[in-house]
Every structure is written in structure tokens, then in C-alpha cells.
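Undergrad: Need the 3D shape of this:
(one chain, ligands or ions: 1)
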Amino acid sequence: MLVSQILKSKSDDGVVTLPPGSTVAEVAAVLSKRRIGSIIISPDGKTLTGIVSERDVVRELGRRGAVCMTDPVETIMTPTVVSCARNDQTDTVLQKMTDGRFRHMPVLEGGVMVGLISIGDVVKARLTELSAEKDALEGMIKGF
Ligand code: AMP
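TA: This next block holds a predicted model:
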């Protein structure tokens, strides 16, 4: 299965982004309000400055306490973002997420962000695919 197939099945709300310089408190507010696990930091909604996840916020809160809430997001975000392309296989993406121990990956096309997929999206798509394969095989066996 391709990443593009997952993007098609997702609601087309766009990717949630915040501009560089946003505070940790603003990140926490958007994560909470949108009920999501990560936010892409981008000046224009298309190019990537970094990614910040709920884990980054919780770790910093545990380390320094609430004083971190007024810090810029750059102090906790990951600046080197691993991305994928529409034509990538979902198995490859899942492997990269597992190896890198992260659960979100932006999808880029020509350096421009066109979507974001989560490990949950990939697992859901894979389960649907496996279920369809199982039904097809059962149909073939019963047909003989
Ligand atoms: P997550 O599993 O998304 O909560 O992220 C776990 C850690 O990996 C956090 O420090 C994130 O900033 C970082 N991270 C999340 N997604 C990516 C990605 N696509 N590339 C690089 N780092 C990431």
C-alpha cells in the first residue's frame, strides 16, 4: 500500500502547524484543543522548521516544571524531521517510525508538505489490507 492511499482516506483538514517562535504553552493549547499528538512547526504551512510532540512537552515539564511554558518551541522541538513521499510504501514508513521511535511523519512533495500520517493511520490501513487479503483467500479456497 502507498502513502497516497492513506492520505486519500483521511479527512482533508490540512496539517496543523504553528509558526517558529510560538511558545510551549501555545503548543500545549493546540495539542489539547485539536486532540492531536504532534504539531509541525512551519513559517508558511508548507516548509518544515521542526516537529514537536506531546512527549516533548511532557518531558520538558517533568524536567523544568511550568516555567518552560513561556519558552519558544525551538527549545523542545525536533529540528531534523524524517519525512516520506506519496509514493513510499507504508511498510517502509512503519519501519522508519519504529526505528526512529516516533509516531508521526509529514508527507512531502517537491519540498512542500502535503499531509501528515501517524503510526495509527499506517496500522489501520495495514489491518484493512490484511483483512481484504484474508477475505479474498477464503473466497478462493471456498470457490474450489
Ligand atoms: P512522537 O512519537 O510523535 O510523540 O515523537 C517522539 C519524539 O520524536 C519527539 O521528540 C518528537 O519531536 C520526535 N519526532 C516525531 N516525529 C518525528 C519525525 N517525523 N522525524 C523526527 N523526529 C520526530
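Undergrad: can you list the residues of the protein near the ligand?
TA: Within the chain, the residues that sit near the ligand (CB under 6 Å from any ligand atom) are 37-38, 51-56, 78, 81-82, 100, 102-105. For glycine as for every other residue, the C-beta is placed from the backbone atoms N, C-alpha and C.
Undergrad: Buried only: go through those residues for me.
TA: For those, a neighbour count by 16 or more other CB atoms under 10 Å gives the buried set as Ser38, Ile51, Val52, Ser53, Glu54, Asp56, Val81, Phe102, Arg103, His104, Met105.
Undergrad: hey, what's the residue nearest the centre of the chain bridged with?
TA: In the chain, the residue lying closest to the centroid (CA atoms, centre = their mean) is His104, at 2.5 Å. Going by DSSP bridges, His104 is paired in beta bridges with Ser118.
Undergrad: hey, C-alpha coordinates of stretch 102-109 in PDB?
TA: Output in PDB follows, covering the C-alpha atoms of stretch 102-109 (Å, rounded to 0.1, in the frame of the first residue of the first chain):
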ATOM      1  CA  PHE A 102       8.400   8.300  16.600                       C
ATOM      2  CA  ARG A 103       4.700   8.200  15.600                       C
ATOM      3  CA  HIS A 104       4.200  11.000  13.100                       C
ATOM      4  CA  MET A 105       5.700  11.700   9.700                       C
ATOM      5  CA  PRO A 106       5.000  14.600   7.300                       C
ATOM      6  CA  VAL A 107       4.500  13.800   3.600                       C
ATOM      7  CA  LEU A 108       6.500  16.000   1.300                       C
ATOM      8  CA  GLU A 109       6.200  16.600  -2.400                       C
END
